[in-house]
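K.L.:
Provided below are the primary sequence and the corresponding predicted coordinates.
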Amino acid sequence: MKKAAIASLLAASSFTAAPAMLSLSGLALAQAPAASGSQIQMDPAEFTDYDNAVNKQTTPQTQAPALEAYLVKYPKSAVKADVLSRIMIDYSSFDHAKAIDAADKVLQLSPDNLQAYVIEVAYRSEAAQAQTDAAAKQSGLDASASYAQKGLAAAKPASMSDADYQKLKDYSTPIFYGAEASDDLAKKDSAGAITAYKAELAAEPPATTTQPAALQETYYLGQAYYQSTPPDYVNCTFYTTRAASLAPDQFKPQLQPLANYCYKKYHGSMDGYDAVVTAAKANLNPPADFKIVPAPTDEDIVKKTIAETPDLATLALSDKEFILQHGSPDDADKVFATVKGKSFEIPDATVIAATADQLQVAVSDDAVQSKTADFTYAMKTPLKTVPTVGSKVTLTGTYASYTQKPLMITMSDGEIAAKKAPARKAPVRRTH
């Protein structure tokens, strides 16, 4: 019944290949009085047919059609609601489409029947998940969520005891919230999904919150936090870690990547992750003192680098470029002052754009990966042979100026360095 699967790094398979069977048999007839001779007057012939359908059939597969035949013969039966409920429960064990059809009929007679809402919600969601067409799938999830909302708002039937009603509410409430959450997540309504998943987990009996079905919902809650705008990496880390840590071993490899990703994205490394695992295993929700230390910002790294480097001229080119891009204007100017007017050779720069008078190249790893230029060379003399885009060249030039956002370092007097001839090896002398 639950939504499964997210692609690539964020992906995780459902804990179950198919929705778990609904254990409704013990609750099935709680809202309708059973027929008996002392409660309902029934013609002997009708009672014989009723007794045959209710008491003489040994399997749901034989009882359901017998009950349907009874209603065809006695459409105004005094126990029609009871019989429809039995048909609905019978079909729930082997034909979910017919169980939905029976639930529709039950709700026409008993608009507050919680068992019928559970059937509607569970099997409409199941059918939606089986759809390959995105629109049809979303439509099915919407229908399931709609029945879930009606189930949550249903009143207690006058004929039901408080104890029976509470038992049904405890059973059905997590199912209803789960359907709403699944629908919201599919629609990328992260805020709605978070609210519904948390309500679902809060409604679960404490003993079941570490079971696979609840851990699946816990994982989806973490995913909803990841899909928020902006992503909430702390809550994503907590809930996906709880799911991955407590899940059966065969599912851990599917769940752990998102937990690792969110933690590393926020903290900067996996250092200290063991403390998160300990807290997540012990708590359904993050405790009041739960926190993850954020990774230093780019500005923090710049300040630390400058404070710890007595001579900024000794910084590696990559560090200088990082400060030029992410430092304050004053810090960037300090670093550029150490190279301005000086000549420098850069090997293996990747050509992004080229003319005879100018080359734009990618030097830093980020620039190379994104195929964007971070250096512009004004050539000292026009090139006779213009290098092709994507090729690598070794360039010399003089630092002239820079712009910070987007970063572009301008070099004057650019030249393509001549390739060095490989060193010749001395001839090998052979001995006899």
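P.N.:
Yep, it's here.
K.L.:
is it true that residue 177 touches residue 148?
P.N.:
Yes. Counting by CB atoms under 8 Å, residue 177 touches residue 148, with 7.3 Å between them. C-beta: built from backbone N, CA, C; applies to glycine.
K.L.:
neighbour count winner among the two?
P.N.:
Taking neighbours as other CB atoms under 10 Å, residue 177 and residue 148 compare with residue 148 leading, 29 against 25.
K.L.:
please report how far the more buried one lies from residue 200.
P.N.:
Counting by CB to CB, to the nearest Å, the gap from residue 148 to residue 200 is 10 Å.
K.L.:
now the common contact residues for the two.
P.N.:
Common neighbours of residue 148 and residue 200, counting by CB atoms under 8 Å, 6 or more residues apart in numbering, are residue 177.
K.L.:
mind checking which helix or strand residue 400 is in?
P.N.:
Taking DSSP states H and E as the criterion, residue 400 maps to strand 392-403.
K.L.:
the helix or strand just after that strand pairs with which strands, and in what direction?
P.N.:
Per DSSP H and E, the first helix or strand lying C-terminal to strand 392-403 is strand 408-416. The pairing partners recorded for strand 408-416 under DSSP bridges are strand 375-379 (parallel), strand 392-403 (antiparallel).
K.L.:
who's in contact with the strand holding residue 400?
P.N.:
324, 332, 336, 339-351, 359, 361, 375, 377-378, 387, 408-417, 419.
K.L.:
which PyMOL command selects the buried ones in the residues you listed?
P.N.:
Applying 16 or more other CB atoms under 10 Å to the contacts of strand 392-403, the buried members can be selected in PyMOL as follows:
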select buried, resi 324+332+336+339+346+349+350+351+359+361+375+377+387+408+409+410+411+412+414+415+416
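K.L.:
quick one, phi/psi of residue 202?
P.N.:
When read as degrees, to the nearest 10, the backbone of residue 202 gives phi -70, psi -30.
K.L.:
how far away is it from residue 287?
P.N.:
15 Å.
K.L.:
next: residue 301.
P.N.:
31 Å.
K.L.:
the two: which is more packed in?
P.N.:
For residue 301 versus residue 287, neighbours defined as other CB under 10 Å are more numerous around residue 301 (16 against 12).
K.L.:
pretty sure that one sits in a helix.
P.N.:
Yes. With DSSP: H, G, I helix; E, B strand; the rest coil as the criterion, residue 301 is located in a helix.
K.L.:
all the strands of the stretch 51-200 of the chain, residue numbers only.
P.N.:
Shown for the stretch 51-200 of the chain, no strands are assigned by DSSP state E, counting those that start in this stretch.
K.L.:
so residue 384: helix, strand or coil?
P.N.:
Applying three-state DSSP: residue 384 is coil.
K.L.:
distance check, it against residue 375.
P.N.:
Using CB to CB, residue 384 is found at 21 Å from residue 375.
K.L.:
what do you get for residue 418?
P.N.:
Taking CB to CB, one finds residue 418 at 19 Å from residue 375.
K.L.:
same deal with residue 145?
P.N.:
From residue 145 to residue 375 the distance is 54 Å (CB to CB).
K.L.:
cool, and residue 341?
P.N.:
Relative to residue 375, residue 341 is positioned 16 Å away (CB to CB).
K.L.:
list the contacts of the residue lying closest to residue 181 once chain neighbours are set aside.
P.N.:
Take residue 181 and drop its neighbours on the chain: the residue closest to it by CB to CB, 6 or more residues apart in numbering is residue 196, 3.5 Å away. Shown in contact with residue 196 (CB under 8 Å, 6+ apart): 177, 178, 180, 181, 184.
K.L.:
with that, I have no additional questions.
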